[in-house]
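Enquirer: Give me a model of this one.
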Amino acid sequence: MTASPAAPFLSDRLAKEQAQQRLPSITAALLRDGDVAWAGAVGTIDGRAGGETATPDTQYRIGSITKTLVAVEVMRLVADGSVRLTDPIGRHLPELADRLDGVTVLALLTQSSGLQAETTGSWWERSPGVSWDDLQPSIRLVHNPGRRFHYSNIGFAVLGRLIETTRGRGWFEVVRDEILDPLGMARTSYDAVAPSAPGLAVHSLADLIHHEPSQDTGAMAPAGQVWSTVGDLCRWAAFLHGGNDAVLPDDLRLSMHAPAVVYDAPGQPWVRAYGIGLDVFNRDGTHYIGHGGSMPGFQGVVRVDVETGDGIALLTNSTGGPGPTITWDLVDLLEEHDPRPVEAWHADPDAPASAGLVGHWHWGPRRFDLRSAPGGELVLTMNDGVGTWSRFVPQDDGTWLGQDDYWAGEVLRAHGPAERAAYLDLGSFRLTRDPYDPDSDIPGGVDGRGWHA
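Expert: The predicted structure follows:
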């Protein structure tokens with residue numbers, strides 16, 4: 001890793017966070033182009049002067065970031081045909097069929113299952129883990145399935161059980177063999193492996209610490225058991241962004257990025273949604289995917305820009321955790337002091353294949369602009385920048401397939417000579433060079449009077 005020009009600014013910001021928030025230790029790493037661009041750590045793992053110094057290789061409990069591992073493994077079950085996203089969970093776990101009628105695998109993955117959030121009885125995060133049989137009374141609906149975002153730790157316990165019954169062995173063993181090992185995430189484990197930090201709480205009004213319990217959470221483990229480092233979590237973020245066919249086909253991985261349900265906080269703008277096992281953040285139009293995590297004594301976060309692959313992993317051993325801005329502050333400091341190079345423009349050798357299609361098109365009187373993009377793609381936008389838009393990817397049969405927004409999955413066909421098509425058929429819509437061009441095939445025909453006053 002080459003030292004980033006932003007390193008002094010990043011280290012200073014991390015040190016200030018540790019001191020101001022009174023964190024025993026905190027570690028962070030920033031991802032760029034699939035590699036760690038910077039990593040740092042501040043504090044001692046026991047919170048005492050002279051204690052063992054934290055490093056980026058120190059393990060912390062990652063809490064609900066565990067859910068992202070579980071979600072990818074469930075998508076592997078989808079990839080090999082063992083499970084369908086539309087399957088009722090009762091088809092695979094018959095003991096739940098009556099209670100979870102209408103709950104699909106997809107609803108569990110998108111936090112829209114309607115299951116209650118936490119276990120009945122003792123708080124599972126601080127209590128010895130229970131068996132699957134003992135967890136049964138907690139598995140119940142509190143909302144109609146598929147109707148709203150309702151975060152459920154129990155829902156991911158159910159998904160962990162789905163992995164176990166389908167694969168015939170423990171969920172983490174499956175995750176380790178099929179995900180962690182192929183990605184080289186050797187410092188991610190079910191239990192702590194030294195060097196690791198203990199879970200601590202800091203008194204709000206005194207410089208005192210309190211040790212938090214560290215339990216094997218049993219049947220609830222798929223919701224938040226795992227330990228990892230910021231380096232391994234950057235590898236994970238790089239996979240979520242860039243993929244690895246040995247782990248998950250790209251079409252399924254990318255489907256996880258799409259917002260499925262909105263986190264609707266009263267009085268606040270919609271900036272967070274939930275995809276398939278992933279949080280989706282809308283930061284001024286830039287979409288980040290990832291997840292937060294907490295367990296007694298620990299907090300963490302992973303986020304990665306879906307377009308650039310720039311990302312961050314941050315971990316701390318404090319129940320109170322860091323402040324609300326540290327994650328974005330570090331992301332912004334890297335861009336400010338070590339900006340991503342601007343690539344020079346060059347002619348695109350794939351563009352001529354679509355050169356006869358680019359230009360102005362009209363749907364009725366409304367104008368659209370169609371332009372070429374790298375890789376032979378086309379981009380359709382409304383000329384005022386408002387409304388629907390989409391990228392279109394060329395297909396072997398000479399058509400283009402929509403990728404985004406209203407036109408995702410819809411087919412674009414050009415009619416007429418390749419050098420200058422007469423009209424476009426876009427999911428049965430007709431786009432013409434001139435509004436209501438009489439030489440084009442306009443559904444319903446064209447008024448014989450043409451344009452008139």
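
Enquirer: Nearest the middle, which residue of the chain would you pick?
Expert: Nearest residue to the geometric centre of the chain (C-alpha atoms, centre = their mean): residue 289, 3.1 Å.

Enquirer: got a list of what that residue touches?
Expert: Applying C-beta atoms under 8 Å, 6 or more residues apart in numbering to residue 289 gives the contacts 240, 241, 256, 257, 275, 278, 279, 280, 281, 303, 304, 306. Glycine gets a C-beta too; all of them are placed from N, C-alpha and C.

Enquirer: Let's have those residues in a markdown table, adding secondary structure, distance to residue 377 and pLDDT.
Expert: Compiled in a markdown table, the contacts of residue 289 are given as follows (DSSP: H, G, I helix; E, B strand; the rest coil; distance: C-beta to C-beta, whole Å; pLDDT from 0 to 100):
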| residue | secondary structure | distance to residue 377 | pLDDT |
| --- | --- | --- | --- |
| 240 | helix | 23 | 98 |
| 241 | helix | 19 | 98 |
| 256 | coil | 22 | 98 |
| 257 | coil | 18 | 97 |
| 275 | coil | 23 | 98 |
| 278 | coil | 25 | 98 |
| 279 | strand | 28 | 97 |
| 280 | strand | 23 | 97 |
| 281 | strand | 26 | 95 |
| 303 | strand | 27 | 98 |
| 304 | strand | 23 | 98 |
| 306 | coil | 17 | 96 |
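
Enquirer: Looking at these, which one is closest to residue 356?
Expert: residue 306 (31.6 Å; C-beta to C-beta).

Enquirer: surely the closest one meets residue 283?
Expert: No: under the criterion of C-beta atoms under 8 Å, residue 306 is not in contact with residue 283, lying 11.2 Å apart.

Enquirer: the more surrounded of the two?
Expert: Counted by other C-beta atoms under 10 Å, residue 306 and residue 283 do not tie: residue 306 has more neighbours, with 19 against 13.

Enquirer: Excluding chain neighbours, give the residue nearest to that one in space.
Expert: In this structure, residue 306 finds its nearest non-sequential neighbour in residue 287, 4.9 Å apart by C-beta to C-beta, 6 or more residues apart in numbering.

Enquirer: For the one you found, which three-state class applies?
Expert: strand (DSSP: H, G, I helix; E, B strand; the rest coil).

Enquirer: Return the set of buried residues in the strand or helix carrying residue 392.
Expert: Using DSSP states H and E, the secondary-structure element containing residue 392 is strand 389-394. For strand 389-394, the neighbour count (16 or more other C-beta atoms under 10 Å) marks 389, 390, 391, 392, 394 as buried.

Enquirer: And those residues, which is closest to residue 88?
Expert: Closest to residue 88, out of all of the buried residues of strand 389-394 and judged by C-beta to C-beta, is residue 390, at 32.7 Å.

Enquirer: My guess is that closest one contacts residue 373. True?
Expert: No: the pair residue 390 and residue 373 does not pass the contact test of C-beta under 8 Å, sitting 11.1 Å apart.

Enquirer: joint contacts of those two?
Expert: Jointly contacting residue 390 and residue 373 under the rule C-beta under 8 Å, 6+ apart are residue 379.

Enquirer: can you pull the pLDDT of the residue nearest to residue 67 when sequence neighbours are not counted?
Expert: If the residues on either side of it in the chain are set aside, residue 67 comes closest to residue 156, at 5.0 Å by C-beta to C-beta, 6+ apart. Looking at residue 156, its pLDDT reads 98.

Enquirer: what sits against residue 156?
Expert: Listed by C-beta under 8 Å, 6+ apart, the contact set of residue 156 reads 66, 67, 70, 108, 222, 223.

Enquirer: can I get those residues in TSV with secondary structure and pLDDT?
Expert: Compiled in TSV, those are given as follows (DSSP: H, G, I helix; E, B strand; the rest coil; pLDDT from 0 to 100):
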residue	secondary structure	pLDDT
66	helix	98
67	helix	98
70	helix	98
108	helix	98
222	helix	98
223	helix	98
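
Enquirer: Write the PyMOL selection for whichever of the residues you listed are buried.
Expert: To isolate the buried members of the contacts of residue 156 in PyMOL, using 16+ other C-beta under 10 Å:
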select buried, resi 66+67+70+108+222+223
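
Enquirer: farthest pair in the contacts of residue 156?
Expert: Pairwise distances across the contacts of residue 156 peak at 14.7 Å for 66 and 108 (criterion: C-beta to C-beta).

Enquirer: so what strands line up beside the strand holding residue 392?
Expert: strand 377-382 (antiparallel), strand 400-402 (antiparallel) (DSSP bridges).

Enquirer: isn't residue 113 right next to residue 151, touching?
Expert: No: counting by C-beta under 8 Å, residue 113 stays clear of residue 151, with 10.2 Å between them.

Enquirer: Comparing the two, which residue is more hemmed in?
Expert: residue 113 (28 against 15).

Enquirer: Name the helix or strand for that one, please.
Expert: Using DSSP H and E, residue 113 is not contained in any helix or strand.

Enquirer: Pull the contacting residues for it.
Expert: Residues near residue 113 by C-beta under 8 Å, 6+ apart: 100, 103, 107, 141, 145, 146, 150, 152, 155.

Enquirer: From these, which one has the minimum pLDDT?
Expert: residue 146 (91).

Enquirer: Confirm that that residue sits in a strand.
Expert: No: counting by three-state DSSP, residue 146 is not part of a strand but coil.

Enquirer: Perfect, that will be all.
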